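>>> sequence first, predicted coordinates after that:
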Amino acid sequence: MRIPCIARCTEGYFERGDFWFLDEYTLVVGLVQRTDQAGFYSIVSQLEKLGYILIPVPCPQDNLHLDMCFNIAAEKVAVVCPEALPEPFLQNLKKRKFILIEVSQADVFHHHCNIQALGNGKVLSFHNNKMVNRQLSALGLDIVTVDLYEMLKCGGGPHCMTFPLKRA
């Protein structure tokens, strides 16, 4: 499957771990360590012409990417670290009727937000992410767990390790 390229970062820096669709035309972009203001504005200038709205989400630099402190598990379900995310962004999610599963900043560094939505109510997580897995299961989601204990020591989680997926 070929995915068309509709924008390229031509100034600054922009990485995939900082990019999320909230709905069909609203995107959030983390301004963390690996995407900067220049990269954000480079993408905005191209995507706004196509009807997209881009919302910047500045986060503490230690989080590296937005997917370390914010991740969408399923439609209207997100795992968030309130300590790392700006209050207006959290309020935007609540206004959009997202169910928010909260983790602490300490748990961000154990990759507890870094999961991968597989579609059809399935979520890829890791075995030791027990609190998040339990809360996602309570919402009726099917959690597929893998043992990533050694891999997580190097940084990143299931979302970081996943190429683009074709969801059914």
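Good, I have the coordinates. Numbering: from 1, shown residues only.

>>> the closest residue to Leu64 other than its chain neighbours - how many residues pack around it?
Closest residue in space to Leu64, ignoring its immediate chain neighbours: Gln33 at 4.9 Å, by C-beta to C-beta, 6 or more residues apart in numbering. Any C-beta I mention is one placed from the backbone N, CA and C, and that applies to glycine too. Neighbour count of Gln33, defined by other C-beta atoms under 10 Å: 18.

>>> now do the contacts for Gln33.
61-65 (C-beta atoms under 8 Å, 6 or more residues apart in numbering).

>>> show me where this protein has its strands.
All strands of the chain, identified by DSSP state E, fall at 19-21, 26-31, 53-58, 70-74, 77-80, 99-102, 116-119, 122-126, 142-146.

>>> list the contacts of the third one.
Applying C-beta under 8 Å, 6+ apart, the contact partners of strand 53-58 are 22, 25-32, 37, 40, 43-44, 47-48, 66, 70, 85-86, 89, 92.

>>> mind listing the helices for the chain?
Remark: helices assigned in the chain by DSSP state H are 37-47, 87-95, 105-108, 130-138, 149-152.

>>> would a markdown table of those helices with distance to Asn120, mean pLDDT and mean neighbour count be doable?
Formatted as a markdown table, the helices of the chain follow (distance: least, C-beta to C-beta, whole Å; pLDDT from 0 to 100; neighbours: other C-beta atoms under 10 Å):
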| stretch | distance to Asn120 | mean pLDDT | mean neighbour count |
| --- | --- | --- | --- |
| helix 37-47 | 28 | 96 | 17 |
| helix 87-95 | 22 | 98 | 13 |
| helix 105-108 | 27 | 92 | 16 |
| helix 130-138 | 14 | 97 | 16 |
| helix 149-152 | 25 | 61 | 13 |
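
>>> picking that back up, could you export the strands of the chain as a markdown table, including mean neighbour count?
Below are the strands of the chain laid out as a markdown table (neighbours: other C-beta atoms under 10 Å):
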| stretch | mean neighbour count |
| --- | --- |
| strand 19-21 | 16 |
| strand 26-31 | 20 |
| strand 53-58 | 17 |
| strand 70-74 | 24 |
| strand 77-80 | 22 |
| strand 99-102 | 17 |
| strand 116-119 | 18 |
| strand 122-126 | 23 |
| strand 142-146 | 15 |
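
>>> of all the ones you listed, which lies closest to Ile6?
Across those, Ile6 has its closest neighbour in strand 26-31 (11.8 Å, C-beta to C-beta).

>>> paired strands for the closest one, with orientation please.
strand 19-21 (antiparallel), strand 53-58 (parallel) (DSSP bridges).

>>> good, we can wrap up now.
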